[in-house]
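Visitor: A structural model of the following input is requested.
(chains A, B, C and D)
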2 protein chains.
Amino acid sequence: MKQKRPALKDIASKLNVSITTVSFVLNGKGKEKKISDEVIKKIQDYTESINFKPNLVAQSLRTGKTKIIVFMVEDISNYFFAKLARIIEDIAYNKDYKVLFCSNENDDKRSRELINLFYERQVDGFIIIPSAGIRNDIDDLIKKNVPVVLFDRYFPDLKTNYVVINNKDAANKATRHLIDNGFKKIAFITTDVKQTQMLDRLKGYEECVSQAQLSSNVLEIPFKDVNSDKGKGLIHSFITDHAEYDSVFFSTNYLTQSGLEVIKDYNPNLLNELGIITFDDNDLFRIYTPTISAVSQPLQEIGEKLMKIMLNMLKEKDGSDSPQEVVLNAELIQRDSSKDR
Amino acid sequence: MKQKRPALKDIASKLNVSITTVSFVLNGKGKEKKISDEVIKKIQDYTESINFKPNLVAQSLRTGKTKIIVFMVEDISNYFFAKLARIIEDIAYNKDYKVLFCSNENDDKRSRELINLFYERQVDGFIIIPSAGIRNDIDDLIKKNVPVVLFDRYFPDLKTNYVVINNKDAANKATRHLIDNGFKKIAFITTDVKQTQMLDRLKGYEECVSQAQLSSNVLEIPFKDVNSDKGKGLIHSFITDHAEYDSVFFSTNYLTQSGLEVIKDYNPNLLNELGIITFDDNDLFRIYTPTISAVSQPLQEIGEKLMKIMLNMLKEKDGSDSPQEVVLNAELIQRDSSKDR
DNA sequence: TCGTTAAACTAAATCGTTTTAGTAGATTTA
DNA sequence: TAAATCTACTAAAACGATTTAGTTTAACGA
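Guide: Residues are numbered from 1 along each chain as shown, chains lettered A, B, ... in the order given. You can find the predicted model right below:
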């Protein structure tokens, strides 16, 4: 026996006032709208006593606002994204917004479906890690005046809000750090993803080795194989075929995880001989043996910037401000794996 | 210039038909409602051409369904929950449901707020890891006929759907495994949380050591300190004060992470001497040195069961089926850290 | 004393759907 | 030929809020 939730109507008839009056009082406009203290109190007391909660769906329909923000990443179960999700969620929560998380697998079709789906649900804004082929979908959203902020990567030819880190610079510093510690044959293991974040990291590495007149040694793993045995196989042959490499720079944390597994299987001693450095820190790297040096993205700062831009757009009447392009700096955390040994 | 999204009304007037007709056609009821093929085609062609999407908020208001399920866990950035979230999300996605993730920090106040908030938003169902004190809130939801499934833990005195693992049995097996491998002074490090999952794990450990006529050595870390330096300090003194312990059983994965860090800091060699086993597997444990033995919860199975129960309730007219109580078995994954050394 | 203003409300439109209960006209039945 | 049945639609209520544009009564000013 599902008893119906009370609506304004029910309260109004119960208390012999109009729906309007109830609505005004519940929205704190009682004074402003000259409702008498007596009536205000009557309504407040009663709604509290029955623990009345307005129907937010109806509210959304009427106001056009849902107070929901979508946070779309590659894979919400990945450490980096999950941590960031928590930060975003907390900020949103304080501002009375809810966050819908979803994973697009860096796949265009899925990204597109998710965007449409949430657009239909009238979400108020999108924070998105875009997959490579959805430039136009993002553009459409912006044209429809929906608040959008990209992060981690962006489309150079599209004017949008975005928050990224200085990938090239960070990769450069990490490579330089290896060189400074005496490593000479540095391998760079990355994915075949052709998006800004990866291209910039590659560029940072290549510029640095070339400047130091060292050779460039790059392995590109197809994105779809990144966590599979196939991917691990590729890393394995790359390393075993080139016994001369004295160090490895992984371009992203899920590659590092596979990489460590492969190295450990192949030759555990190598873990202590090879110089290792990775993009994206992880709690694991701090307690691994050896501890793994990492380029750490400023999660808190990224989250705060993203939400600041988003909340700002949500406040504006016409979001006609020029897009914000934020580039933050990552920090190189030096641990044992990149020490000269 | 935000141009308004088209509504049924606009389509209807554009094509000189009624709103009703458009609605019928878009819902695939054209044939059933005897709309002529000609009109059906006209409407379909037009709505496709302008890529019309109905307003789901309005739809929800009318139908009372939002097609949204809430998935509430302690901390969405925790490996175990994040993995499960992905599984749930995928299943839901295929059934045309969306999932809202949120973290309650195992805190009653926050849990309560989240439940209310989503209830107001008319979500169709809740999948919840309950914090200790929200028994009555859960009960209220159920009384209001809202589909609810608990997991990981439950309230023994409340008839609800739940999916858990056999914690006592799993802890028992893990302890036995250590004993079988020659460990005699086994420490159990857990939290002070007094909920079924933790109590059962403790019970499993205690029964096993007592049966083997070994001593029981338990450290309870206050939940709020679990990931802080204070928690690490407690672990540190527990271990250093008791040099006689030859093995440690961690009751949950975030404790293990802190524990490994402490042990490594204190005396790296200990990592290879101490027997170590943990509840909740993690990719990290497979590649750690030593590899860490773990009680692995059947994530896929848990996710499937949860969604099966949930989807079933969502289908029913009156959810008057008796609650499902599912207890799954966890798997002990033996790795190097629990080998006799 | 009459017009004006303020106080304290309320009726009804609106948001964009779904769905029930029609209707008008053509065709069939008896 | 009148009643019944179909076909192909449509009007309008309903979901539960917000908000505009009133209305009524009392008080005030000149």
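Visitor: contacts, neighbours, all on C-alpha from now
Guide: Will do.
Visitor: ok, residues contacting stretch A:328-341?
Guide: A:163-167, A:170, A:173-174, A:177-178, A:181-183, A:271-277, A:290-298, A:302 (Cα atoms under 8 Å, 6 or more residues apart in numbering or on different chains).
Visitor: mind redoing it with 7 Å?
Guide: A:164-166, A:170, A:174, A:178, A:181-182, A:273, A:275-277, A:290-298 (Cα atoms under 7 Å, 6 or more residues apart in numbering or on different chains).
Visitor: so how do I select the buried members of these in ChimeraX?
Guide: Buried subset of the contacts of stretch A:328-341, written as a ChimeraX selection, criterion 16 or more other Cα atoms under 10 Å in any protein chain shown:
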select /A:164,165,166,170,174,178,182,273,275,276,277,290,291,292,293,294,295,296,297,298
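Visitor: show me the contacts of stretch A:328-341 that map onto helices.
Guide: Counted as lying in helices by DSSP state H, out of the contacts of stretch A:328-341, are A:170, A:174, A:178, A:273.
Visitor: among the residues you listed, which two are most distant?
Guide: With Cα to Cα as the measure, no two of the ones in helices among the contacts of stretch A:328-341 lie farther apart than A:Ala170 and A:Glu273, at 23.6 Å.
Visitor: by contact count, what packs against the host helix or strand of A:Lys230?
Guide: Following DSSP states H and E, the helix or strand that holds A:Lys230 is helix A:229-241. Contacts defined by 3 or more Cα pairs under 7 Å, 6 or more residues apart in numbering or on different chains; DSSP states H and E place helix A:229-241 against helix A:253-266.
Visitor: for the helix it packs on, what does the pLDDT average out to?
Guide: Average pLDDT, helix A:253-266: 93.
Visitor: which of the residues in it are buried?
Guide: A:253-264.
Visitor: now the helix holding A:Lys230, how far from the centre of its chain.
Guide: 29 Å (Cα atoms, centre = their mean, to the nearest Å).
Visitor: go on, stretch A:64-81?
Guide: Distance, centroid of stretch A:64-81 to centroid of chain: 7 Å (Cα atoms, centre = their mean).
Visitor: can I get it in PDB, CA atoms only?
Guide: C-alpha atoms of stretch A:64-81 as PDB (Å, rounded to 0.1, in the frame of the first residue of the first chain):
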ATOM      1  CA  GLY A  64      14.400  24.200 -15.600                       C
ATOM      2  CA  LYS A  65      17.100  23.400 -13.100                       C
ATOM      3  CA  THR A  66      18.000  20.000 -11.700                       C
ATOM      4  CA  LYS A  67      21.000  20.900  -9.500                       C
ATOM      5  CA  ILE A  68      22.800  18.000 -11.000                       C
ATOM      6  CA  ILE A  69      26.300  18.100 -12.500                       C
ATOM      7  CA  VAL A  70      27.600  15.300 -14.600                       C
ATOM      8  CA  PHE A  71      31.200  14.200 -14.100                       C
ATOM      9  CA  MET A  72      32.300  12.000 -17.000                       C
ATOM     10  CA  VAL A  73      35.700  10.300 -17.000                       C
ATOM     11  CA  GLU A  74      37.400   7.400 -18.700                       C
ATOM     12  CA  ASP A  75      36.900   4.900 -15.900                       C
ATOM     13  CA  ILE A  76      35.600   5.900 -12.500                       C
ATOM     14  CA  SER A  77      37.300   2.900 -10.900                       C
ATOM     15  CA  ASN A  78      40.700   4.300 -11.900                       C
ATOM     16  CA  TYR A  79      42.600   5.800  -8.900                       C
ATOM     17  CA  PHE A  80      43.100   9.200 -10.400                       C
ATOM     18  CA  PHE A  81      39.500   9.700 -11.500                       C
END
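Visitor: which other residues reach stretch A:123-140?
Guide: For stretch A:123-140, using Cα under 7 Å, 6+ apart, the contacting residues are A:65-74, A:106-108, A:146-153, A:155, A:195.
Visitor: what about that stretch and DNA strand C, any contact?
Guide: No: contact of stretch A:123-140 with DNA strand C (Cα under 7 Å from any atom of the strand) is absent, the minimum separation being 13.5 Å.
Visitor: and that stretch, average pLDDT?
Guide: Stretch A:123-140 carries an average pLDDT of 96.
Visitor: and the helix-or-strand element of chain A with minimal mean pLDDT with strand B:98-103, angle?
Guide: One helix or strand of chain A scores below all others by mean pLDDT, DSSP states H and E: strand A:98-103, with a mean of 86. For strand A:98-103 against strand B:98-103, the angle by axes from the mean of the first three to the mean of the last three Cα atoms, to 10 degrees is 110 degrees.
Visitor: check what pLDDT A:Glu105 gets.
Guide: pLDDT, A:Glu105: 86.
Visitor: isn't it up against A:Ser77?
Guide: No: under the criterion of Cα atoms under 7 Å, A:Glu105 makes no contact with A:Ser77, lying 10.8 Å away.
Visitor: who's more crowded, the two?
Guide: Set A:Glu105 next to A:Ser77 and count neighbours by other Cα atoms under 10 Å in any protein chain shown: A:Ser77 wins out with 23 against 16.
Visitor: surely that one is in a helix?
Guide: No: per DSSP: H, G, I helix; E, B strand; the rest coil, A:Ser77 lies outside any helix segment and is coil.
Visitor: can you tell me how far it is from B:Arg201?
Guide: 26 Å (Cα to Cα, to the nearest Å).
Visitor: A:Lys173 now?
Guide: Taking Cα to Cα, one finds A:Lys173 at 47 Å from B:Arg201.
Visitor: among those two, which residue is more densely surrounded?
Guide: B:Arg201 (23 against 19).
Visitor: tell me which element that one is part of?
Guide: Assigning secondary structure by DSSP H and E places B:Arg201 in helix B:196-211.
Visitor: packing partners for that helix?
Guide: Counting by 3+ Cα pairs under 7 Å, 6+ apart, helix B:196-211 packs on helix B:167-180.
Visitor: list the helices and strands the helix it packs on packs on?
Guide: For helix B:167-180, the elements it packs on are helix B:196-211, judged by 3+ Cα pairs under 7 Å, 6+ apart.
Visitor: ok and the helix it packs on relative to helix B:167-180, angle-wise?
Guide: Per the same axes, to 10 degrees, the angle that helix B:196-211 makes with helix B:167-180 is 40 degrees.
Visitor: flag every buried residue along the very next helix or strand once past helix B:196-211.
Guide: As assigned by DSSP H and E, the chain's next helix or strand after helix B:196-211 is strand B:217-221. Applying a neighbour-count criterion of 16+ other Cα under 10 Å, the buried positions in strand B:217-221 are B:217-221.
Visitor: how about stretch A:44-55?
Guide: A:47, A:52-55.
Visitor: go through these and say which is closest to B:Glu244.
Guide: A:Lys53 (58.1 Å).
Visitor: what sits closest to the closest one if chain neighbours are left out?
Guide: Nearest residue to A:Lys53, sequence neighbours excluded (Cα to Cα, 6 or more residues apart in numbering or on different chains): B:Glu120, at 6.3 Å.
Visitor: and the gap between the one you found and DNA strand D?
Guide: 9 Å (Cα to the nearest atom of the strand, to the nearest Å).
Visitor: now A:Asp192
Guide: From A:Asp192 to DNA strand D the distance is 49 Å (Cα to the nearest atom of the strand).
Visitor: so what secondary structure elements neighbour the least confident helix or strand of chain A?
Guide: Strand A:98-103 packs on strand A:68-73, helix A:79-94, strand B:98-103, going by 3+ Cα pairs under 7 Å, 6+ apart.
Visitor: returning to that earlier point: filter the contacts of stretch A:123-140 down to the buried ones.
Guide: A:65-74, A:106, A:108, A:146-153, A:155, A:195.
Visitor: would you turn the buried residues of helix A:253-266 into a markdown table with distance to A:Lys41?
Guide: Formatted as a markdown table, the buried residues of helix A:253-266 follow (distance: Cα to Cα, whole Å):
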| residue | distance to A:Lys41 |
| --- | --- |
| A:Asn253 | 57 |
| A:Tyr254 | 58 |
| A:Leu255 | 62 |
| A:Thr256 | 62 |
| A:Gln257 | 61 |
| A:Ser258 | 64 |
| A:Gly259 | 66 |
| A:Leu260 | 66 |
| A:Glu261 | 66 |
| A:Val262 | 69 |
| A:Ile263 | 71 |
| A:Lys264 | 70 |
